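*Asks:* with the input below, show me the fold.
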Amino acid sequence: MSAVDRHDHVLVHCPRCTKRATIDRRSGVLRITCLACGFINEERGQRPEETRLSRRWALNVYNSGDTLFGASLWLETNCCGGHRLWALNARHLEYLAAFVRSKDRTREFPSPAGSRQLADKLPVWMVEAKHRDEVLRALDRLRATL
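*Replies:* All right, here's what the predicted structure looks like:
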C-alpha cells in the first residue's frame with residue numbers, strides 16, 4: 001500500500017458543530033464539508049501549494065500543530081507517555097497500524113532507492129517494539145471513532 005494519494009482527504013472536527021467533517025481538494029480549492037450540520041467552507045490559495053491537499057503537505061500542517069480551517073484532527077489521541085498520535089484519515093490509520101504491527105518492516109515496507117516512505121518519517125517512540133502494544137491499542141481507539 002502506498003503512503004496515500006495526493007488527492008486524499010483529511011478527517012477533522014467541524015469548527016461549527018464539532019462532529020466529523022472532511023477536508024478535500026476539488027479543482028484547486030480546499031473545501032471543508034460537514035454532513036452533520038451542513039457547514040461548507042472553501043479556500044483558494046495564492047500559490048499552488050496552498051490549495052494542494054497532498055499527503056506531505058497535510059502531514060507538515062498537522063505535524064507543526066497548525067490546522068486547516070481551524071479544524072482539529074478527528075483521529076488524534078495521546079499515547080506512550082503523552083506523545084501525540086494522529087492520522088489524517090482511515091487509510092493513513094490503517095497504514096500506521098500495519099507498519100507498527102509488522103515484524104519485518106524492510107521486506108513489507110520497502111523504500112525505492114532515493115525515495116523515503118511515510119514510515120521512514122515516523123517518530124522513534126511509535127516504531128519501537130516496546131511501545132507496539134500501546135500504539136496498536138491507541139490506533140484501535142481511533143479506528144472505533146470511524
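
*Asks:* grab the nearest non-local neighbour of the residue most central in space within the chain.
*Replies:* Centroid-nearest residue in the chain, with Cα atoms, centre = their mean: residue 88, separated by 2.0 Å. Ranked by Cβ to Cβ, 6 or more residues apart in numbering and with sequence neighbours excluded, the top spatial neighbour of residue 88 is residue 10, at 4.8 Å. All C-beta atoms are positioned from the backbone trio N, CA, C, and that covers glycine.

*Asks:* report pLDDT for that neighbour.
*Replies:* Note for residue 10: predicted pLDDT of 90.

*Asks:* how about residue 121?
*Replies:* 80.

*Asks:* low pLDDT regions in this structure?
*Replies:* 1-7, 26-27, 45-57, 59, 65, 110-116, 118 (pLDDT under 70).

*Asks:* cutoff 90 now
*Replies:* The chain contains residues with pLDDT under 90 at 1-9, 24-30, 43-70, 88, 92, 95, 102-122, 124, 127.

*Asks:* domain-wise, how is it divided?
*Replies:* 10-63, 75-144 (automatic domain parsing).

*Asks:* make JSON lines from the ones you listed and add distance to residue 69 to it.
*Replies:* Below are these laid out as JSON lines (distance: least, Cβ to Cβ, whole Å):
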{"stretch": "domain 10-63", "distance to residue 69": "5"}
{"stretch": "domain 75-144", "distance to residue 69": "14"}
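
*Asks:* which parts of the chain are strands?
*Replies:* Along the chain, the segments classed as strands by DSSP state E run 10-13, 20-26, 29-33, 40-43, 75-79, 83-87.

*Asks:* looking at those strands, which one is packed in the most?
*Replies:* strand 10-13 (a mean of 23; mean count of other Cβ atoms under 10 Å).

*Asks:* show residues contacting that strand.
*Replies:* 19-24, 32, 53, 58, 62, 67-69, 71-75, 88-90 (Cβ atoms under 8 Å, 6 or more residues apart in numbering).
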